[in-house]
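# For reference, the sequence and a predicted model appear below.
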Amino acid sequence: MIFEQKILVIRFSSIGDIVLTTSPLTTIRNAYPEAEISFLTLEKYAPILEHNSNIDRIILFDQNMNVKDLLKFSDYIKNQHYMKIYDLHNSLRSNIITFYNESSVYKIKKPRWNRFKLFQFHKNDFSKNFSTLKMYHDSLTDIWKEEDAIPATSLVVSHQEKIKARETVGMNKYTTLIPGAAWNQKQWPAGNYIELINKSGINVVLIGSKKDEICHKIHSALPSVINLAGKTNIREALAIISGSHQVIGSDTGFCHAAEALNIPVTMIMGPTSRETGGGIILDKSVQVEKDLWCRPCSQNGKSPCYRKTQFCINNIGVNDIIQTLISS
């Protein structure tokens with residue numbers, strides 16, 4: 001099939017950011033229903049976007065490309081003759097790829113100066129309606145206006161994947177915990193999760209990578225908990241999340257994925273915030289956080305706390321989370 005309209009969307013990483021791009025993808029598809037929409041991303045994250053009807057083609061990107069390889073790849077993209085390119089990453093690599101392109105290129109504008117003022121001086125100059133979804137949509141200047149609605153995020157899990165996930169878990173009703181995070185500062189303590197499970201009596205499945213020691217600590221204290229940390233690929237993890245009654249976890253990619261699968265989330269927010277790209281989307285989700293003058297302190301929560309005690313995480317109690325549990 002030959003498409004008269006070809007569009008490229010670029011977002012290399014990471015899980016949460018790619019999940020959030022599914023919202024502007026819907027806007028682009030609605031504006032160009034007959035177009036061929038391609039999505040350029042890192043190979044390891046491509047499975048997130050499988051079965052997405054707003055994407056016709058996924059182009060895999062090798063993160064180990066040197067400058068010479070990037071220039072060759074830029075020629076490849078140029079020869080695809082895209083009508084429009086939406087660069088939702090706006091990084092050095094994406095700029096090299098699109099620099100010589102003759103297509104109309106729309107780039108996301110990252111609020112670096114506002115974030116610098118927020119982190120360094122705790123001066124918040126962000127608008128009250130700021131969100132990552134709005135930031136993405138602001139780059140779609142030719143097809144989206146301020147007064148337009150912003151679509152929800154959306155991911156797709158096949159029926160067969162759901163059946164396999166149910167067989168793996170062996171339960172019809174369970175809560176998925178995603179306690180790990182890229183940075184320890186974003187993690188609620190393992191002891192709190194253990195107390196939460198004991199007090200609430202919920203059936204729990206743990207999802208995470210093999211590096212998430214917190215999952216193994218929880219499972220060691222509570223052997224009845226199903227620990228799948230390091231035992232699932234992205235698609236399997238999404239399928240397990242899709243069958244959850246509820247998801248509880250840190251401000252991480254898979255919590256964003258849960259909302260894109262229409263699963264309510266209790267998101268435990270520590271050093272990050274809405275201004276850094278975190279936070280919930282669904283009305284039925286709950287964001288648990290403490291209002292402290294020092295947060296947010298960094299873009300992704302990697303900066304060590306200057307205090308001996310990290311109040312933004314440690315001041316969130318077990319009862320704060322129990323109150324968010326869905327009973328039916």
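The structure has been received and is ready for your questions. Numbering: from 1, shown residues only.
# buried residues in stretch 141-158?
143-144, 150-151, 153-155, 157 (16 or more other C-beta atoms under 10 Å). Any C-beta I mention is one placed from the backbone N, CA and C, and that applies to glycine too.
# Repeat that for stretch 61-73.
Neighbour-count burial for stretch 61-73 flags 61, 70, 73 (criterion: 16+ other C-beta under 10 Å).
# Then stretch 21-34?
21-29, 32.
# Tell me the one of the residues you listed nearest Cys297?
Taking C-beta to C-beta as the measure, Cys297 sits nearest to Thr21 out of the buried residues of stretch 21-34, at 25.9 Å.
# circling back to that earlier point, would you turn the buried residues of stretch 61-73 into a markdown table with secondary structure?
Listed next are the buried residues of stretch 61-73 as a markdown table, based on DSSP: H, G, I helix; E, B strand; the rest coil:
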| residue | secondary structure |
| --- | --- |
| Phe61 | strand |
| Leu70 | helix |
| Phe73 | helix |
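# Go through the buried residues of stretch 21-34 and flag which are in helices.
Of the buried residues of stretch 21-34, the ones assigned to helices by DSSP state H are 22-29.
# With distance to Thr132 and pLDDT added, can I get the residues you listed in JSON lines?
Shown next, in JSON lines, are these (distance: C-beta to C-beta, whole Å; pLDDT from 0 to 100):
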{"residue": "Thr22", "distance to Thr132": "12", "pLDDT": "98"}
{"residue": "Ser23", "distance to Thr132": "9", "pLDDT": "98"}
{"residue": "Pro24", "distance to Thr132": "10", "pLDDT": "98"}
{"residue": "Leu25", "distance to Thr132": "14", "pLDDT": "98"}
{"residue": "Thr26", "distance to Thr132": "15", "pLDDT": "98"}
{"residue": "Thr27", "distance to Thr132": "14", "pLDDT": "97"}
{"residue": "Ile28", "distance to Thr132": "16", "pLDDT": "97"}
{"residue": "Arg29", "distance to Thr132": "19", "pLDDT": "97"}
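# Many thanks, have a good one.
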